[in-house]
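*Asks:* Could you work out the structure for the sequence below:
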Amino acid sequence: MPNVTSNTQYQQILSMAVEDRSSGYEDLVSNNNALLAVMRRKGLWQTYSGPKIRQTLQVGKQVAQWYSGYDQLLNPAIDLFNDAFYDPKMIVVPIILSYQEILNNQGDAQLMDVYESYISAAERALEDAMDAGIYSDGLANGGKQITGLATAVPIANTVGTYGGIDRNLNTIWRTQTFDANSVVPAIGTQVNSTTIRPLLNYVMTKQSRGRDYADLLLMSPEHYAAYDAATVAQQRQTNETSLGKLGFSALEYIGGGKRAEIVLDGGIGSNMPANTTFGLNTDSLRLRYNPSRNFDKLFDGDGQMPIDKDAIAQFIGWMGELCMTNPMFNWRLYDSNPAA
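*Replies:* Down below sits the predicted model:
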């Protein structure tokens, strides 16, 4: 009697294969992007609930008062907190097999090889999509993409609305932008091995306060090469404790009384803009996600069999947004005229 395997069993196998690996998708995605890796290490991947992501901001501060004797103790009304609101974004990656492919690979081992190939391809697509999103302006697919650094730390920092707050009307909600071509002419007008450290020292000192400063420097190949060339072997601080162990090309910046991880982000298919360094205070960033859609399979049970196709399908889904709580210590250093 022939061994007959039902369509339902094929659906179960695919759905279980996706679910079995879904617990590792957060690692998979974070380990592919330095910013997400640092945020995950710090516990800054956080859940949310409701139709919008509400991020509480401190927009004012209490004023201390020196007094003596019977001086009146002042207690003025002050708005200390307000909220930024972010619309959660959704992404799915499909894993779909036609029954022709299934029937052509009837044996258990052959069929699992097919599943493995399709799931691996979907995982690579998920990595690429999230990495592209982290650097994006969030406008792809009609504004349905995650809002990344192009909007969170823009070149034009006085225009547009971010998190529901108008940057033109609220100076407190602006990150800072530094053009190497003009920021400190006495240092130089382009980023190279001579100017990179003085420029970083200037920016890091200017955009810091006490323990608040950019602790992660994401560099394009041009800036990373300049920094690497600026430090002789005895001075170069190779980061091997965290990002270096994940396979990122990582150095450590020490200057201006600060320390920061430096990561090369560039190369084939990179989403990092050229001639750019993002200085990120990672404590001010959050990756907020829906706890029911954190790189999980989309369909419960055995997946789906489309009514008009001889195939079975399952999806890997995520829902959330990259959010900011304090723009003050986040900045972008870029070279508008590298040939200057």
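*Asks:* For Lys258, which residues count as its bridge partners?
*Replies:* Gly255 (DSSP bridges).
*Asks:* Distance check, it against Gly107.
*Replies:* With distances taken as C-beta to C-beta, to the nearest Å, Lys258 is found 59 Å from Gly107. Using the backbone N, CA and C atoms, a C-beta is placed for each residue, glycine as well.
*Asks:* Next: Leu35.
*Replies:* Leu35 sits 43 Å away from Gly107, going by C-beta to C-beta.
*Asks:* ok, those two, which is more surrounded?
*Replies:* The residue with more neighbours, out of Leu35 and Gly107, is Leu35; 24 against 8, by other C-beta atoms under 10 Å.
*Asks:* now that one, what's its secondary structure?
*Replies:* Recorded secondary structure, Leu35: helix (DSSP: H, G, I helix; E, B strand; the rest coil).
*Asks:* cool, Glu127 as well?
*Replies:* helix.
*Asks:* where does the stretch 1-150 of the chain have low pLDDT?
*Replies:* Filtered on pLDDT under 70, the stretch 1-150 of the chain yields the residue ranges 1-17, 19-20, 58-61, 77-81, 108-109, 111.
*Asks:* how about the strands of it, start to end?
*Replies:* For the stretch 1-150 of the chain, applying DSSP state E, counting those that start in this stretch gives strands covering 45-47, 53-58, 81-86, 89-98.
*Asks:* TSV for the ones you listed, including distance to Asn281 and mean neighbour count?
*Replies:* Putting these into TSV (distance: least, C-beta to C-beta, whole Å; neighbours: other C-beta atoms under 10 Å) gives the following:
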stretch	distance to Asn281	mean neighbour count
strand 45-47	17	15
strand 53-58	14	17
strand 81-86	16	16
strand 89-98	23	18
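*Asks:* Tabulate those (TSV), appending distance to Gly279.
*Replies:* TSV is the format used below for the strands of the stretch 1-150 of the chain (distance: least, C-beta to C-beta, whole Å):
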stretch	distance to Gly279
strand 45-47	21
strand 53-58	20
strand 81-86	21
strand 89-98	25
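*Asks:* Out of those, which is closest to Tyr162?
*Replies:* strand 81-86 (7.8 Å; C-beta to C-beta).
*Asks:* And the strands of the stretch 1-150 of the chain: which comes nearest Ala225?
*Replies:* Comparing the strands of the stretch 1-150 of the chain by C-beta to C-beta, strand 45-47 comes nearest, at 31.3 Å.
*Asks:* and that closest one, how far out from the chain's middle?
*Replies:* Relative to the centre of its chain, strand 45-47 is centred 13 Å away, using C-alpha atoms, centre = their mean, to the nearest Å.
*Asks:* can you check stretch 103-113 too?
*Replies:* How far stretch 103-113 lies from its chain's middle: 38 Å, per C-alpha atoms, centre = their mean.
*Asks:* can you pull out the helices in the chain?
*Replies:* Ranges of helices within the chain are 7-22, 25-30, 34-41, 99-103, 108-134, 140-143, 149-152, 196-206, 221-230, based on DSSP state H.
*Asks:* All the strands of the stretch 151-300 of the chain, in order from the start?
*Replies:* Counting by DSSP E, counting those that start in this stretch, the stretch 151-300 of the chain has these strands, from start to end: 161-162, 165-166, 176-179, 216-219, 250-255, 258-264, 276-280, 285-297.
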